[in-house]
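Peer 1: sequence first, then the predicted structure, then my questions.
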Amino acid sequence: GIETPIEVRIGYSAPNPRRTSEVDIIKSSCDQAGFEITDAGSADFFSNALPAGDYELALFAWAGSGQIASGQNIYSTNAPQNYGGYSNETVDQAWSELAASLDPEVHLEQTKIIERELWDTLFGIPLFAHPGIVAHDADVENVRFTATQNGALWNADQWLLAE
């Protein structure tokens with residue numbers, strides 16, 4: 001009973017060739033399935049369209065930090081970075097328990113609950129993960145990658161020239 005095509009505006013911060021390619025790939029298959037995909041990328045996406053909810057789908061990436069509860073600000077009800085307005089009592093409770101504990105077992109159990117709920121409610125589904133790649137000359141020692149948003153530069157002050 002749904003009339004097609006269904007317009008889906010995909011927003012992101014432009015210009016961004018990778019995001020433009022993502023929209024092109026999504027469009028190539030979804031237009032065939034009864035959707036009308038519109039590239040709604042704009043230079044002011046984060047300041048205007050994202051907070052106003054003026055999109056059906058948003059493309060952006062979250063970079064993790066070393067803090068175990070860093071995602072609480074994204075997936076909790078009424079949190080400042082919860083641009084989609086997601087609200088789930090089970091997720092809110094799991095974040096509260098996770099953030100209040102220093103026990104790694106509690107962190108693991110609550111993370112499982114959060115991830116299961118996010119998947120089951122189809123909110124914030126990742127399209128892919130960026131690979132972590134580091135290359136350096138053998139003359140530089142102590143270059144180590146980290147999965148946080150700092151990448152390989154996190155310990156640049158510790159790099160040494162090999163003797």
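Peer 2: All right, it came through fine.
Peer 1: other residues contacting the longest helix along the chain?
Peer 2: Criterion DSSP state H: the longest helix present in the chain is helix 104-120. Applying CB atoms under 8 Å, 6 or more residues apart in numbering, the contact partners of helix 104-120 are 68, 71, 75, 88, 90-91, 94-95, 97-98, 101, 124-125. In short, each C-beta sits where N, CA and C put it, glycine included.
Peer 1: tell me which helix or strand of the protein sits lowest on mean pLDDT?
Peer 2: Ranking every helix and strand in the chain by mean pLDDT, DSSP states H and E puts helix 50-52 at the bottom, with a mean of 89.
Peer 1: could you point out which element follows it?
Peer 2: Using DSSP states H and E, the helix or strand that follows helix 50-52 in sequence is strand 57-58.
Peer 1: now do that following strand, average pLDDT.
Peer 2: Averaging pLDDT along strand 57-58 gives 91.
Peer 1: mind listing the strands that strand pairs with, and their directions?
Peer 2: With DSSP bridges as the test, strand 57-58 is paired with strand 6-11 (parallel).
Peer 1: the partner strand - what's its average pLDDT?
Peer 2: Here the average pLDDT along strand 6-11 is 96.
Peer 1: centre of the chain to stretch 133-140, how far?
Peer 2: Chain-centre distance of stretch 133-140: 28 Å, with CA atoms, centre = their mean, to the nearest Å.
Peer 1: which parts of it are buried?
Peer 2: Neighbour counts using 16 or more other CB atoms under 10 Å place no residue of stretch 133-140 among the buried ones.
Peer 1: mind listing the strands for this protein?
Peer 2: Assigned by DSSP state E, the strands in the chain fall at 6-11, 35-39, 57-58, 140-141, 160-161.
Peer 1: tally of neighbours for Phe145?
Peer 2: The number of residues packed near Phe145 is 14, by other CB atoms under 10 Å.
Peer 1: got phi/psi on it?
Peer 2: Backbone geometry at Phe145, expressed as degrees, to the nearest 10, gives phi -80, psi 150.
Peer 1: can you name the residues that contact the closest residue to it other than its chain neighbours?
Peer 2: Of all residues not flanking Phe145 in the chain, Val134 sits nearest, at 4.4 Å (CB to CB, 6 or more residues apart in numbering). With CB under 8 Å, 6+ apart as the criterion, the residues that contact Val134 are 143-145, 151-152.
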